[in-house]
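Colleague: What follows is a predicted structure for the sequence shown.
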Amino acid sequence: MNFSDPDSETSPARSHSDTATRHGVGRRDREGSRQRAGEAATTGAHPRAWPDPLYGEVRLAAWAADLAATPPFTRLAGISLSDVPGELLFERPFPSRLDHARGVYHLARLARPRDRALQAAALAHDLGHGPFSHLCEPIMRTVLGVDHEHRAARLLAEARTALSAPAARRLAWLDWDEVADLIVGGGADGRGALLSGPLDYDNADNLARFLTASGLGAPEYAPEELARALRPLPAAPDTPDGDRPRSCLIDTGEDAARAWLDARVRVYGYLQASHRNLAPHSMLRKAIELAYTAGALPADFFDLTNAQAFVALAGSSSTGAAALAGGARAGADHWHVCVWEGEVPIPAHALRDLLGDWRSRLVLEAELASEAGLATLDVTLSSPVSRLGRVLPPLVPAGRAGASHSPPNALPIAPRALPTPLPPPRRIHVFAAAGTPRDYVRRLRRAAERRLGALGAHPAFDEGPDQA
């Protein structure tokens, strides 16, 4: 459903205009839209449209199209929405981070049509992703000292510098510092939570787009409906951070929010349990780590696309990195095989800390390989942190939705919490290179049982799940 005027630079939305029209504001908005359209005609700026599997078509206003044409944005066309490139994982065309960024912009434009700073932040929110998206983020934090969100805020400045002179003039109204703050979830008025919150425009588009492209099932919610039901909550001046929600959901969006939770369980249940995803994920993760520890990671690695990163790793002076990246790219017949799987209890702090540090995990992989008589590149571990559990924004009656003009310390009356699924037990998976002889597999399984069991892990199978 289209809730906006797609030909307008700001697309005034009907959802906010019923009362406004009675006071003459809607008429002024339409007049302003016609004026901006006239200005676009005289400056040569035009909206751009792209076909989209979720929304039929996504139209970028002329100023947004100017931004999206700069190199920091166009690079995102070469970064898959999934960490392991979707073309490898699902053997079909898969959306890019740029497709997703345009989708999040679309939701922001529908839900808050006059908030062009938030729309710009929505378009730019994924600029900071390196190749293979979240997969390389631990090394990114080590090398650059930032996560992808804060890097996105930095790269926004590069996009600004790359604008042509006419485009820069068309964007002279934009408060770039405000956009950077919104990207990282900032802003005292709570608008940043609409892009970086437990339920936001970002993951409303992400899950629906992933499900549609992967074949895991159609989303049973409309991202547009969910986005329009979200409202920011301004920060209370005397309330510590984390003590109150930063957004709320009007109760007309309850069914969509519940369906979104179901979609989240489906997507992350697959990503965190399927060996088809975990095997190449662990191989690519280790390839990047080995290249970095060998001093062989290119200085511009985080500016590369997936295809460029594959080439860089394949030509690495680290033979382990080259072999692992090559195997991951070669397809499922060359991926590692799970030989041991165990549950990690919540009290097992030592093991959880070890698995959460990439350097310690590399050491553990090398020790397990040594005990089994294997090369270190032949053994990989995977223990994803569950993202299934998510505390949703409180539900409030539509008339109490806490719009942006609400008092800064006013939480909507009688909020009602939505149920949150309990996260499943965290699991650790031990993988061996494809074709590893059975005797070596048994040695590796015994080493995993001994080392990981001593740290608190409980085996999930009597024998390896993929290879006896």
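Modeller: Sure thing, it's come through. This structure is a prediction, so every number in the text was calculated from the model and none was measured.
Colleague: show me where the stretch 351-468 of the chain has strands.
Modeller: For the stretch 351-468 of the chain, the strands defined by DSSP state E, counting those that start in this stretch cover 379-382, 395-396, 426-432, 458-459.
Colleague: Of the ones you listed, which is nearest His125?
Modeller: For His125, the closest of the strands of the stretch 351-468 of the chain is strand 395-396, at 25.2 Å, according to Cβ to Cβ. In short, each C-beta sits where N, CA and C put it, glycine included.
Colleague: Counting neighbours, what do you get for Ser274?
Modeller: Neighbour count of Ser274, defined by other Cβ atoms under 10 Å: 13.
Colleague: And it, its phi and psi?
Modeller: Per-residue torsions, Ser274: phi -80, psi 120 (degrees, to the nearest 10).
Colleague: measure it to Leu216 for me?
Modeller: Separation of Ser274 from Leu216 (Cβ to Cβ, to the nearest Å) stands at 10 Å.
Colleague: Same check on Leu88?
Modeller: 16 Å.
Colleague: Looking at those two, which one has more neighbours?
Modeller: Taking neighbours as other Cβ under 10 Å, Leu88 and Leu216 compare with Leu88 leading, 20 against 17.
Colleague: so the more buried one makes contact with Asn277?
Modeller: No: the criterion here is Cβ atoms under 8 Å, and Leu88 misses it with Asn277 at 10.0 Å.
Colleague: In contact with Phe461, which residues are there?
Modeller: The contact partners of Phe461, by Cβ atoms under 8 Å, 6 or more residues apart in numbering, come to 340-341.
Colleague: Output the lowest mean pLDDT helix or strand found in this protein.
Modeller: Across the helices and strands of the chain, mean pLDDT, DSSP states H and E gives its lowest value to helix 18-22, namely a mean of 34.
Colleague: how's the chain carved up into domains?
Modeller: With domains defined by automatic domain parsing, the chain comprises 53-270+389-400, 275-387+424-459.
Colleague: quick one, strands of the chain?
Modeller: For the chain, applying DSSP state E gives strands covering 48-52, 56-60, 230-232, 247-250, 337-344, 379-382, 395-396, 426-432, 458-459.
Colleague: And for Ser318, the neighbour number?
Modeller: Neighbourhood size, Ser318 [other Cβ under 10 Å]: 21.
Colleague: Need phi/psi at it.
Modeller: Dihedral angles (degrees, to the nearest 10) for Ser318: phi -80, psi 110.
Colleague: about what we covered before: and the strands of the chain: which comes nearest Pro95?
Modeller: Closest among the strands of the chain, once you apply Cβ to Cβ, is strand 48-52, at 9.2 Å.
Colleague: So for the closest one, what gets flagged as buried?
Modeller: Within strand 48-52, the residues that count as buried by 16 or more other Cβ atoms under 10 Å are 50, 52.
Colleague: May I have it as PDB, with CA atoms only?
Modeller: What follows is strand 48-52, C-alpha atoms only, in PDB (Å, rounded to 0.1, in the frame of the first residue of the first chain):
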ATOM      1  CA  ARG A  48      14.800   7.800  -9.200                       C
ATOM      2  CA  ALA A  49      12.800   4.600  -9.000                       C
ATOM      3  CA  TRP A  50      13.800   1.000  -8.600                       C
ATOM      4  CA  PRO A  51      11.700  -2.100  -8.800                       C
ATOM      5  CA  ASP A  52      11.500  -3.800  -5.400                       C
END
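Colleague: Mind giving me the packing neighbours of it?
Modeller: strand 56-60, helix 62-68, helix 97-111 (3 or more Cβ pairs under 8 Å, 6 or more residues apart in numbering; DSSP states H and E).
Colleague: quick one, helices of the stretch 101-250 of the chain?
Modeller: Secondary structure of the stretch 101-250 of the chain (DSSP state H, counting those that start in this stretch): helices at 116-124, 137-144, 148-162, 165-170, 176-183, 201-214, 223-229.
Colleague: Adding mean neighbour count, distance to Trp335 and mean pLDDT, write the ones you listed out as TSV.
Modeller: Below are the helices of the stretch 101-250 of the chain laid out as TSV (neighbours: other Cβ atoms under 10 Å; distance: least, Cβ to Cβ, whole Å; pLDDT from 0 to 100):
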stretch	mean neighbour count	distance to Trp335	mean pLDDT
helix 116-124	27	34	98
helix 137-144	17	21	96
helix 148-162	19	25	96
helix 165-170	15	44	95
helix 176-183	20	35	96
helix 201-214	23	17	97
helix 223-229	24	32	97
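Colleague: count of residues packed around Glu294?
Modeller: One correction, residue 294 is Ala, not Glu. 14.
Colleague: how near is the closest residue to it other than its chain neighbours to Gly326?
Modeller: Spatial nearest neighbour of Ala294, excluding adjacent residues (Cβ to Cβ, 6 or more residues apart in numbering): Ser318 at 3.9 Å. According to Cβ to Cβ, Ser318 and Gly326 sit 12 Å apart.
Colleague: returning to what we had before: let me have the helices of the stretch 101-250 of the chain in TSV, extended by distance to Ala332.
Modeller: Output for these, formatted as TSV (distance: least, Cβ to Cβ, whole Å):
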stretch	distance to Ala332
helix 116-124	35
helix 137-144	25
helix 148-162	28
helix 165-170	44
helix 176-183	36
helix 201-214	15
helix 223-229	31
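Colleague: Minimum distance to Ala447: which of those helices has it?
Modeller: Nearest of the helices of the stretch 101-250 of the chain (Cβ to Cβ): helix 137-144, 24.3 Å.
Colleague: For Glu220, which residues are in contact?
Modeller: 259, 262-263.
Colleague: can you pull the pLDDT of it?
Modeller: Looking at Glu220, its pLDDT is 96.
Colleague: for Arg75, same thing?
Modeller: Looking at Arg75, its pLDDT is 98.
Colleague: try Asp466
Modeller: On the pLDDT scale, Asp466 gets 58.
Colleague: ok so, going back, any idea which of the helices and strands packed on strand 48-52 is most buried?
Modeller: helix 97-111 (a mean of 26; mean count of other Cβ atoms under 10 Å).
Colleague: Now do it: distance to the chain's middle.
Modeller: Here the centre of helix 97-111 is set off from its chain's centre by 13 Å, with Cα atoms, centre = their mean, to the nearest Å.
Colleague: tell me the angle of that helix relative to helix 176-183?
Modeller: Relative orientation of helix 97-111 versus helix 176-183 (axes from the mean of the first three to the mean of the last three Cα atoms, to 10 degrees): 100 degrees.
Colleague: Need the pLDDT of the closest residue to Ala433 other than its chain neighbours.
Modeller: Distances taken as Cβ to Cβ, 6+ apart put Asp378 closest to Ala433, at 4.0 Å, once the chain neighbours are dropped. Per-residue confidence (pLDDT) for Asp378: 98.
Colleague: do the same with Pro412
Modeller: pLDDT, Pro412: 45.
Colleague: And for the one 4 residues further on?
Modeller: Here, the pLDDT recorded for Arg416 equals 63.
Colleague: Also Val385?
Modeller: pLDDT, Val385: 74.
Colleague: wouldn't it be in contact with Arg427 here?
Modeller: No: counting by Cβ under 8 Å, Val385 stays clear of Arg427, with 10.7 Å between them.
Colleague: shared neighbours, the two?
Modeller: Both Val385 and Arg427 lack any common contact, where contact means Cβ under 8 Å, 6+ apart.
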